[in-house]
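Student: Dropping a prediction and its sequence here:
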Amino acid sequence: MEALAVFGGGSPCVSSSLLCSPTKRTCCSSCTQKPILSTSHHQNLSAFPSKSHLFSYVPSRPHAKTLRNSTKPLIFLPHLIASLEQVDETYIMVKPDGVQRGLVGEIISRFEKKGFKLTGLKLFQCPTELAEEHYKDLKEKSFFPKLIDYITSGPVVCMAWEGVGVVASARKLIGSTNPLQAEPGTIRGDLSVQTGRNVVHGSDSPENGRREIGLWFKQGEICQWTPAQAPWLRE
Ligand code: IDP
Ligand code: MG
């Protein structure tokens, strides 16, 4: 079959994006490749019928004689092109003020509604060492001690989200660091008033997305799954 040949011949490792996660930690134990088309054996394919509309031809016009007898599966090229796009991961965190103010559901729902895929989620009391490691680039800033106190002052909600362009898009959904400069419609623009209490964190690059997810989540806490709505989000 043409489509399977593209995936290397075995059972394709299919997430919503048809890709493995970029790290070992986020995929199966036997799957170590980078997030380009790869093979795996454990993915649940139930959301994709065996005669997937992505890769097989199902006659929608049975009267079309020229096509009716065709049994050869065809690749629908746009799907294949979409599947080659880079899937990124980002670390999003509801900070202690967001948790205390009852904004967890609101913040999660912004990313859910957008259409990104949640792969990790937990309520967590952050130890000082982890906060310092997470914000190590800001160590020299005068506000660093207060920032560490803030992040460790109560539980945070840790999230891993996945999708094409998720890092930059999440930053847009979050808004500027200073909530007074954040656009209305963004999380910080709508829900906060001060930089020192800006309710949410989002990774600033795909590299940091991977780094931060690795920092905040243990092996086994990231879940790969195929959202049923995937075909309704991406053509
Ligand atoms: P970001 O969260 O928008 O990426 P960064 O510059 O990376 O912004 O700063 C990390 C966090 O440090 C901010 O979200 C905010 O909580 C805190 N922070 C940044 N600048 C200040 C400041 O001038 N005063 C107090 N806290 C600050
Ligand atoms: Mg930052």
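Tutor: Good, I have the coordinates. Ligands and ions are numbered 1, 2, ... in the order given.

Student: is ligand 1 contacted by stretch 148-166?
Tutor: No - Stretch 148-166 is not in contact with ligand 1 by CB under 6 Å from any ligand atom; minimum separation 6.6 Å. C-betas here are computed from N, CA, C, even on glycine.

Student: Buried ones in that stretch, by neighbour count?
Tutor: 148, 150-153, 155-163, 166 (16 or more other CB atoms under 10 Å).

Student: For the protein, which segments count as helices?
Tutor: 2-6, 65-68, 77-83, 96-100, 104-114, 128-134, 144-151, 166-174, 187-191, 206-216, 230-233 (DSSP state H).

Student: what would those helices look like in JSON lines with mean pLDDT?
Tutor: Formatted as JSON lines, those follow (pLDDT from 0 to 100):
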{"stretch": "helix 2-6", "mean pLDDT": "35"}
{"stretch": "helix 65-68", "mean pLDDT": "40"}
{"stretch": "helix 77-83", "mean pLDDT": "56"}
{"stretch": "helix 96-100", "mean pLDDT": "99"}
{"stretch": "helix 104-114", "mean pLDDT": "98"}
{"stretch": "helix 128-134", "mean pLDDT": "98"}
{"stretch": "helix 144-151", "mean pLDDT": "98"}
{"stretch": "helix 166-174", "mean pLDDT": "98"}
{"stretch": "helix 187-191", "mean pLDDT": "98"}
{"stretch": "helix 206-216", "mean pLDDT": "98"}
{"stretch": "helix 230-233", "mean pLDDT": "96"}
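
Student: Ok, which of the ones you listed comes nearest Lys122?
Tutor: helix 206-216 (8.5 Å; CB to CB).

Student: and the closest one, what other elements does it pack with?
Tutor: Secondary-structure packing of helix 206-216 (3 or more CB pairs under 8 Å, 6 or more residues apart in numbering; DSSP states H and E): strand 87-94, helix 128-134, helix 166-174.

Student: could you redo the last one with a cut-off of 7 Å?
Tutor: Contacts defined by 3 or more CB pairs under 7 Å, 6 or more residues apart in numbering; DSSP states H and E place helix 206-216 against strand 87-94, helix 128-134.

Student: Pick the most deeply packed of these.
Tutor: strand 87-94 (a mean of 26; mean count of other CB atoms under 10 Å).
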